[in-house]
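>>> sharing a model that was predicted from the sequence below.
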Amino acid sequence: MPDHPCRKLSVVLQRQAVSSRWESHRWSVHGVLPDVGGERRPIVQSDSLLQMLYPGFDVFLYPDEAEGYFLNVSTEEPSVFVGLRTDEATGDPYPYQTTLSYNEAARWMDGGERVERVPAWLELAAWMGQFVELNYRPEPRKRRKPRSFAGKEGVLRPEGDQ
């Protein structure tokens with residue numbers, strides 16, 4: 001397998017108490033940060049709030065995903081996309097994959113996966129931007145013929161020309 005640029009990161013999931021008749025709490029991705037190592041662990045814990053740190057995620061950059069990185073880095077707020085799955089025993093979500101590619105995240109969602117977006121820290125966005133500059137070449141636009149030159153389909157002809 002070719003060597004691809006990689007950064008390690010940690011994901012923070014947050015469980016927050018809510019006042020609702022249908023649920024007592026809500027889980028969401030609170031953020032991502034440079035990897036801190038170690039095992040999964042709580043970093044904030046109270047009756048109404050729990051933040052769990054999930055270290056050890058790799059985010060790779062692949063040349064064939066350069067368009068997806070371009071779409072991400074060219075926004076006002078470049079992001080990390082975090083794929084979540086649900087633990088069948090507890091019903092709680094957990095992060096299982098990360099990407100910086102809009103296109104890859106869209107494919108995950110098209111496949112029925114839960115994906116959340118959180119802001120990328122400045123150095124991570126800059127690293128992605130450098131990769132885009134070196135690897136992204138937009139597809140040349142194809143010129144379309146004006147409709148008047150498209151052919152005779154659907155054009156009414158005089159009765160003698162048929």
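Happy to help now that I have it.
>>> low-confidence ranges in this structure?
Across the chain, the ranges flagged by pLDDT under 70 are 1-2, 145-162.
>>> ok now the longest helix seen in it, how far from the chain's centre?
The residue-count maximum for a helix in the chain (DSSP state H) belongs to helix 122-135. Average the C-alpha atoms of helix 122-135, do the same for its chain, and the two points are 15 Å apart (Cα atoms, centre = their mean, to the nearest Å).
>>> try stretch 64-71
11 Å.
>>> tell me the buried residues in it?
Buried residues in stretch 64-71, counted by 16 or more other Cβ atoms under 10 Å: Glu65, Ala66, Glu67, Gly68, Tyr69, Phe70, Leu71. Placement of C-beta: from N, CA and C, glycine included.
>>> put the alpha carbons of the longest helix of the chain into PDB.
Backbone C-alpha positions of helix 122-135 (Å, rounded to 0.1, in the frame of the first residue of the first chain) are rendered in PDB as follows:
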ATOM      1  CA  LEU A 122      -6.400  25.500  12.100                       C
ATOM      2  CA  GLU A 123      -3.200  23.400  11.500                       C
ATOM      3  CA  LEU A 124      -5.200  20.500  10.300                       C
ATOM      4  CA  ALA A 125      -7.100  22.700   7.800                       C
ATOM      5  CA  ALA A 126      -3.800  24.200   6.600                       C
ATOM      6  CA  TRP A 127      -2.300  20.700   6.200                       C
ATOM      7  CA  MET A 128      -5.300  19.700   4.100                       C
ATOM      8  CA  GLY A 129      -5.000  22.900   2.100                       C
ATOM      9  CA  GLN A 130      -1.400  22.200   1.200                       C
ATOM     10  CA  PHE A 131      -2.300  18.700   0.000                       C
ATOM     11  CA  VAL A 132      -5.100  20.200  -2.200                       C
ATOM     12  CA  GLU A 133      -2.700  22.700  -3.700                       C
ATOM     13  CA  LEU A 134      -0.300  19.800  -4.700                       C
ATOM     14  CA  ASN A 135      -2.900  17.200  -5.800                       C
END
